[in-house]
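Colleague: next one to model:
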Amino acid sequence: MENSPQFTEPVALARPPGAHRLEAFSPKLGRRLTFYRRALLDLWLLFEADASVIAFCERPGYVHLGENARLADFWVQYVDRQELVLLADAGMDERAAPGKQELDEAAFSIRSMSSGDLAAARVWIGNWQRMLPCIVANRGLIPWSLSRSVERLLENPQQLETLERKCSNVDPVLFRAALFGLVHGGRVAAPDLRTQPLSLHTSFAVVDTNS
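Modeller: Numbers count the residues shown, from 1 in each chain. The predicted structure follows:
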């Protein structure tokens, strides 16, 4: 399957009256994103944090649902499939008349997500809100040798406080950026982050690629 992104630029959207402008930087895409609803920022965090997601694009174009045209919230690409994601209970009306980018909805699976889905992932989302700024602020500063050393330490599960003690000779900010970057890249797993806030007791371990 061709893995080059099918969509790389979002549909331009003027800020709706009264809406806040929310900006973020995506390490996965290497560019800035702009949202006008908090729910969409949270939805982005889910895709950004999912190591199985190869690429995505916010506001890829319009799809027809019955007689209405709706701006899709995300296009998401995995190794074996692509999908369009729509936030089901959107707080703002984005069913404006289609612009230049009309999508062939028959070419994609369409997944509807609700505020309830986001609420169920609130701990995971909150943890990535803390971890991503560390990754972004230290882009290009993490030596390969540091990431490799962290991976070696994690051949057996280790809590964050134990890891930091073993790497006390390393700048703690760079250490955390390396660790979180490995989680972001799918090389290290931390199941605790889905159910509990990030803490010194959070456990990390390398992902077994042979299983």
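
Colleague: just want the most central residue of this protein.
Modeller: Of all residues in the chain, the one closest to the mean position by Cα atoms, centre = their mean is Glu48, 1.3 Å from it.

Colleague: just say helix, strand or coil for His164.
Modeller: Let me fix one detail, which is that residue 164 is Glu and not His. Per DSSP: H, G, I helix; E, B strand; the rest coil, the secondary structure class of Glu164 is helix.

Colleague: quick one: Gln196 and Ala190 touch, right?
Modeller: No: distance between Gln196 and Ala190: 10.0 Å, which falls outside the contact criterion (Cβ atoms under 8 Å). C-beta here means a position set from N, CA and C on the backbone, and glycine is covered the same way.

Colleague: now list whatever residues contact both of the two.
Modeller: Residues within reach of Gln196 and of Ala190 at once, by Cβ atoms under 8 Å, 6 or more residues apart in numbering, are Thr202.

Colleague: tell me where the model's unsure across the chain.
Modeller: 1-5, 89-100, 209-211 (pLDDT under 70).

Colleague: tell me which stretches of it form strands.
Modeller: With strands called from DSSP state E, the chain shows them at 22-26, 31-35, 53-58, 62-65, 68-71, 74-78, 82-87, 109-113, 158-159, 188-189, 203-206.

Colleague: list the buried residues in the last one.
Modeller: So that's strand 203-206. Taking 16 or more other Cβ atoms under 10 Å as the neighbour-count basis, strand 203-206 is seen to contain the buried residues 203-204, 206.

Colleague: that older thread, more neighbours, Gln196 and Ala190?
Modeller: For the pair Gln196 and Ala190, the greater number of neighbours falls to Ala190 (20 against 12), based on other Cβ atoms under 10 Å.

Colleague: could you find the closest non-adjacent residue to the more buried one?
Modeller: Distances taken as Cβ to Cβ, 6 or more residues apart in numbering put Phe204 closest to Ala190, at 4.8 Å, once the chain neighbours are dropped.

Colleague: now Ala177
Modeller: Leaving aside its sequence neighbours, Ala177 sits nearest to Asn138 (Cβ to Cβ, 6+ apart; 3.7 Å).
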